[in-house]
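Undergrad: can't give you the sequence, but here's the structure:
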Ligand SMILES: Cc1cc2nc3c(=O)[nH]c(=O)nc-3n(C[C@H](O)[C@H](O)[C@H](O)COP(=O)(O)OP(=O)(O)OC[C@H]3O[C@@H](n4cnc5c(N)ncnc54)[C@H](O)[C@@H]3O)c2cc1C
């Protein structure tokens with residue numbers, strides 16, 4: 001279902017600069033981006049759009065219109081050769097006082113198959129520039145509920161860390177987070193009664209090529225409290241839609257209690 005989102009009303013395109021790059025675990029690179037004057041911390045799953053130059057472009061041509069539809073129409077009207085790449089990412093940490101954010105990029109595939117965003121993160125060095133458009137936060141449950149269910153893959157980890165930090169200390173819940181390797185686990189603040197279930201692909205007895213399939217299996221095997229839930233399922237599109245279908249059809253959870261978003265598609269590059 002679509003909920004009211006926490007979206008900035010005075011959005012602007014900003015030019016960000018990489019000030020730090022760190023391989024925080026086998027499959028994640030954390031970039032610190034600076035130069036974001038006027039940045040606001042939206043909390044929960046604060047996300048943004050990042051704009052990268054394509055090969056052969058020496059100028060990063062950012063749209064000038066900022067309304068949600070306006071910038072995209074302008075972007076589509078720009079000849080491909082001049083358009084930047086655009087990808088969505090979660091703000092892992094926002095520091096508005098110094099205009100900085102940390103973003104955790106999943107490094108997926110090998111050098112040939114990885115997309116422009118993962119490649120940018122892998123090769124980034126201080127001084128590299130990219131565009132930044134703030135999107136606010138999308139985790140806005142607007143119905144009474146007793147507990148929270150989070151299900152996602154590694155691309156959902158930054159969002160789940162932010163959501164867990166934003167939940168009231170008294171909140172109860174379960175977070176099923178699928179990650180490639182045990183070393184990709186991260187510590188983050190969460191309510192004491194939030195049961196964080198790390199699901200590690202590398203350690204699974206059965207081999208799963210497609211991210212999200214193991215999390216779906218674990219979800220199906222998990223006993224869920226029999227009270228009003230708010231569920232949020234994000235990550236690979238098959239995981240997000242599969243978890244939603246399971247919760248509604250197999251567990252009898254009303255549609256309005258389940259939010260889902262496909263963050264990426266297996267073996268399908270984003271076209272813009
Ligand atoms: C709101 C939102 C927040 C997001 N937050 C984050 C975040 O914080 N960190 C993060 O890493 N991602 C995040 N994502 C997902 C990210 O936008 C996608 O993974 C994106 O496709 C990566 O772009 P790319 O240029 O690297 O690859 P693309 O050019 O889009 O794809 C190239 C190839 O890589 C594959 N691919 C893309 N992503 C993955 C992956 N994660 N694992 C395996 N294969 C992949 C595609 O299927 C395709 O075959 C978020 C998405 C959304 C919508």
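TA: In hand now; what should we look at? Given the structure is predicted, the values throughout are model-derived calculations rather than measurements. Residues are numbered from 1 along each chain as shown.
Undergrad: list the contacts of the closest residue to the ligand within the stretch 101-250 of the chain.
TA: Across the stretch 101-250 of the chain, no residue is closer to the ligand than residue 115, which sits at 1.9 Å (C-beta to the nearest ligand atom). For the C-beta atoms, the positions are set from N, CA and C on the backbone; glycine is no exception. By C-beta atoms under 8 Å, 6 or more residues apart in numbering, the contact set of residue 115 is 87, 108-109, 269-270.
Undergrad: do you know the pLDDT at the closest residue to residue 147 other than its chain neighbours?
TA: The shortest distance from residue 147 to any non-neighbouring residue, by C-beta to C-beta, 6 or more residues apart in numbering, is to residue 172 (4.4 Å). On pLDDT, residue 172 comes in at 98.
Undergrad: is it true that residue 172 touches residue 191?
TA: Yes - at 7.2 Å, residue 172 and residue 191 qualify as touching, with contact defined as C-beta atoms under 8 Å.
Undergrad: just give me the least confident of the contacts of residue 115.
TA: Comparing the contacts of residue 115 by pLDDT, residue 109 comes last, at 87.
Undergrad: and that residue, how many neighbours does it have?
TA: 12 (other C-beta atoms under 10 Å).
Undergrad: what does residue 231 give?
TA: Neighbours of residue 231 using other C-beta under 10 Å come to 26.
Undergrad: tell me the secondary structure for it?
TA: Here residue 231 is recorded as strand under DSSP: H, G, I helix; E, B strand; the rest coil.
Undergrad: who does it bridge with?
TA: Beta bridges link residue 231 to residue 149, residue 258 when assigned by DSSP bridges.
Undergrad: which stretches in the protein count as strands?
TA: Along the chain, counting by DSSP state E, strands occupy 13-25, 28-34, 47-52, 85-90, 93-95, 100-106, 129-136, 147-152, 172-179, 193-200, 229-236, 258-264.
Undergrad: TSV for the ones you listed, including distance to the ligand?
TA: TSV is the format used below for the strands of the chain (distance: least, C-beta to the nearest ligand atom, whole Å):
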stretch	distance to the ligand
strand 13-25	12
strand 28-34	8
strand 47-52	4
strand 85-90	3
strand 93-95	11
strand 100-106	3
strand 129-136	7
strand 147-152	10
strand 172-179	11
strand 193-200	15
strand 229-236	7
strand 258-264	4
